[in-house]
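Participant: quick one: sequence plus predicted model below, questions after.
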Amino acid sequence: MHFDGLKHSVSGVHPRLSFFGLGYVGLCSAVCFASRGFRVIGVDVDKDRLKEIAHGRPPFFEPKLSWHLQRALKSSCFRVSPDTKLAIQSSDVSFITVGTPSASDGSADLSQVKRVVKTIGRSLSRKEDKHLVVLRSTIAPGTLRNVVKPLLESMSHKNMGEGFDLCYNPEFLSQGVAVGQSLNPDRLIIGSFDKRASEALLAIYRKYLNDHLPPVFSTTAEASEMIKYANNTFLAVRISLINELANICSLIPGTDILDVAKGIGMDKRIGSRYLSPGPGFGGSCLPKDLNGLIHLAQEKGYSPPLLNAADSVNSHQPEQVVNMVVDILGDLRRKRIAVLGLSFKQGTDDIRESPAVKIVQYLSEKGASVAVHDPRVFKPGLFPGRVTVAASVKECLKDAECCVLATEWPEYLMIKVTDLRKLMKQPALIDSRRLFDAREMSKYLRFAATGLSPVKPS
Ligand SMILES: NC(=O)c1ccc[n+]([C@@H]2O[C@H](COP(=O)([O-])OP(=O)(O)OC[C@H]3O[C@@H](n4cnc5c(N)ncnc54)[C@H](O)[C@@H]3O)[C@@H](O)[C@H]2O)c1
């Protein structure tokens, strides 16, 4: 195996890696590479985060991450540092995995990317050996060419292709299953300005995946950046479409969106994934990438009607859930409502853009006193005013007049109808995620759900 120009890339030796940005993407990928024998150094600007990670405690919940992290630290394959210079000197390849949140105008805020690229560039100016820089954060088409490359060149005083090579390699992992997906990615997209850079990255993946490469697509930097945006936009539109169909089903007696989704999902051209109705998509990716692409299109003079519509459906979806509560309780002032779940989906403690959080805010704005519970989100002071955080499901349900299932945590399936009837002041359940068996539940309590016309107790 040959990695052109990389010192530690002689046959049989794994190149040494550095990861900049130890969030969901960076930490999961870094630890997975370390678990396969790569020497990895992780860098972050958040010193508290580094301290936690160095003690084997991931700063967020991601299934299996803690185990892999502790193992990687124990094997000495993984260490952390705040020192960019050290990380660049002691690695051959740097992956950039910092955040690219939405700016207030919907565009991607590149401040973290610019900052890290500048510091990497400065450190490269003092390095003799050639380095490979791989950007993995989500960026708009043109960013690698117009922002990252010139910054690296000016700070390192080296030309791309001579002092360093540069690739874009978008990350497609899903929180909640990030470790499994990092260990076995279902495809690799590599964007670069020349073949040598993409070949060098591919050679690293060959070592990492033990030659079991998934389908690989090497393309231009701009196309690879667009693939990432288009990918998330496609998923966002699909979710908004199923939610719009769900909203229509809820107005037509005899239709249930779950049956409709099952039927259309049987069409091989459509497939059954990403057809779950709910309170809308959230998290750090789909909303911001959809808005990033809308912003980019508008900058170019095109207002994309379908993408705008998908965004609009999504931003109204939490209100649809609150309307179901109003249909049952009428005026919400001083009504006690239990909300189960806060994270944007099950399997993560991430509440960024979470529809569950929006549901709590809307209920509270309407004067309800809200009790919330989430098995993984423990953030005291998250809500001001009339919102209390319950330590258990039972405490959350106590004396509530309505319960809203806002996140599809499987543990909520353990809730017994008898508990709902015993603990709640009035047993009424809104299943925004379609977790429960609607026919069964509606036998025993007032029940409403996304994409189902109102069910009367039988
Ligand atoms: N979260 C996901 O599921 C996911 C999936 C695919 C792609 N992405 C993309 O990957 C990128 C990272 O996402 P994330 O969710 O891991 O972000 P995150 O916000 O969880 O983590 C970013 C990390 O970067 C650190 N950081 C910021 N500036 C830094 C600097 N100058 N040097 C070193 N570290 C720095 C932060 O302290 C933080 O720990 C984003 O562009 C995102 O869109 C995310």
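Facilitator: Received it, and whenever you're ready, just let me know what you need. Numbering: from 1, shown residues only.
Participant: from now on I want contacts and neighbour counts done on CA atoms only, so please keep to that.
Facilitator: OK.
Participant: could you pull out the helices in the stretch 251-400 of the chain for me?
Facilitator: Taking DSSP state H, counting those that start in this stretch, the helices of the stretch 251-400 of the chain run over residues 257-265, 286-299, 305-329, 355-365, 393-397.
Participant: in the shortest one, what counts as buried?
Facilitator: Within helix 393-397, the residues that count as buried by 16 or more other Cα atoms under 10 Å are 393-397.
Participant: ok, the fourth one next?
Facilitator: Neighbour counts using 16+ other Cα under 10 Å place 355-361, 363-364 of helix 355-365 among the buried residues.
Participant: and the ligand, which of those reach it?
Facilitator: Applying Cα under 6 Å from any ligand atom, the subset of the buried residues of helix 355-365 adjacent to the ligand is empty.
Participant: okay, now L275: neighbour count?
Facilitator: For L275, the count of nearby residues is 22 (other Cα atoms under 10 Å).
Participant: what's the spacing between it and the ligand?
Facilitator: With distances taken as Cα to the nearest ligand atom, to the nearest Å, L275 is found 19 Å from the ligand.
Participant: read off the pLDDT value for that residue.
Facilitator: Confidence at L275, expressed as pLDDT, is 97.
Participant: now do G381
Facilitator: pLDDT, read off for G381, is 83.
Participant: dump the residue contacts of I190.
Facilitator: By Cα atoms under 8 Å, 6 or more residues apart in numbering, I190 lies in contact with 167-170, 198, 216-221, 224.
Participant: give me phi/psi at it?
Facilitator: Main-chain dihedrals, I190, degrees, to the nearest 10: phi -130, psi 120.
Participant: cool, F447 as well?
Facilitator: As for F447, its main-chain torsions (degrees, to the nearest 10) stand at phi -140, psi 140.
Participant: for I189, same thing?
Facilitator: Torsion angles, degrees, to the nearest 10, at I189: phi -110, psi 130.
Participant: mind listing what it touches?
Facilitator: 169-170, 216-219, 224.
Participant: repeat for L452
Facilitator: By Cα under 8 Å, 6+ apart, the contact list for L452 reads 246, 249-251, 253, 255-257.
Participant: for it, give me the pLDDT.
Facilitator: pLDDT recorded at L452 is 96.
Participant: any idea what it is bridged to?
Facilitator: With DSSP bridges applied, L452 shows beta-bridge pairing to D256.
Participant: one more: F164?
Facilitator: Beta-bridge partners, per DSSP bridges, of F164: H131, M160.
Participant: burial check on G180, number of neighbours?
Facilitator: A count of nearby residues for G180, using other Cα under 10 Å, gives 16.
Participant: confirm that it sits in a helix.
Facilitator: Yes. Applying DSSP: H, G, I helix; E, B strand; the rest coil, one finds G180 inside a helix.
Participant: quick one: pLDDT of it?
Facilitator: So G180 comes in at 97 (pLDDT).
Participant: mind checking how far it is from K345?
Facilitator: 17 Å (Cα to Cα, to the nearest Å).
Participant: tell me which stretches of the stretch 51-200 of the chain form helices.
Facilitator: 65-74, 84-89, 111-125, 143, 149-156, 178-183, 195-208.
Participant: can you put those helices in CSV and add distance to I430?
Facilitator: Formatted as CSV, the helices of the stretch 51-200 of the chain follow (distance: least, Cα to Cα, whole Å):
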stretch, distance to I430
helix 65-74, 33
helix 84-89, 50
helix 111-125, 40
helix 143, 44
helix 149-156, 51
helix 178-183, 30
helix 195-208, 45
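Participant: dump those into a markdown table; add distance to the ligand as well.
Facilitator: Putting the helices of the stretch 51-200 of the chain into a markdown table (distance: least, Cα to the nearest ligand atom, whole Å) gives the following:
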| stretch | distance to the ligand |
| --- | --- |
| helix 65-74 | 13 |
| helix 84-89 | 8 |
| helix 111-125 | 4 |
| helix 143 | 12 |
| helix 149-156 | 14 |
| helix 178-183 | 8 |
| helix 195-208 | 18 |
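Participant: L275: which of these is closest?
Facilitator: Ranking these by proximity to L275 (Cα to Cα) places helix 178-183 first, at 20.5 Å.
Participant: tell me what that closest one is packed against?
Facilitator: Under the contact criterion of 3 or more Cα pairs under 8 Å, 6 or more residues apart in numbering; DSSP states H and E, helix 178-183 touches helix 24-35.
Participant: dump the helices of the stretch 251-400 of the chain into TSV; add mean pLDDT as well.
Facilitator: Formatted as TSV, the helices of the stretch 251-400 of the chain follow (pLDDT from 0 to 100):
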stretch	mean pLDDT
helix 257-265	98
helix 286-299	97
helix 305-329	98
helix 355-365	97
helix 393-397	97
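Participant: can you give me the end-to-end distance of stretch 393-412?
Facilitator: This stretch, stretch 393-412, spans 8 Å end to end (Cα to Cα).
Participant: what residues does the stretch 1-150 of the chain put near the ligand?
Facilitator: Residues of the stretch 1-150 of the chain lying near the ligand (Cα under 6 Å from any ligand atom): 20-26, 43-46, 97-100, 112, 115-116, 137-138.
Participant: go again with 8 Å.
Facilitator: For the stretch 1-150 of the chain, the residues in contact with the ligand (Cα under 8 Å from any ligand atom) are 20-27, 43-46, 49, 82, 84, 97-101, 112-117, 119, 136-139.
Participant: one more: the stretch 201-350 of the chain?
Facilitator: 283-285, 288-289.
Participant: closest point of the stretch 251-400 of the chain to the ligand, which residue?
Facilitator: Minimum separation of the stretch 251-400 of the chain from the ligand (Cα to the nearest ligand atom) falls at C285, amounting to 5.2 Å.
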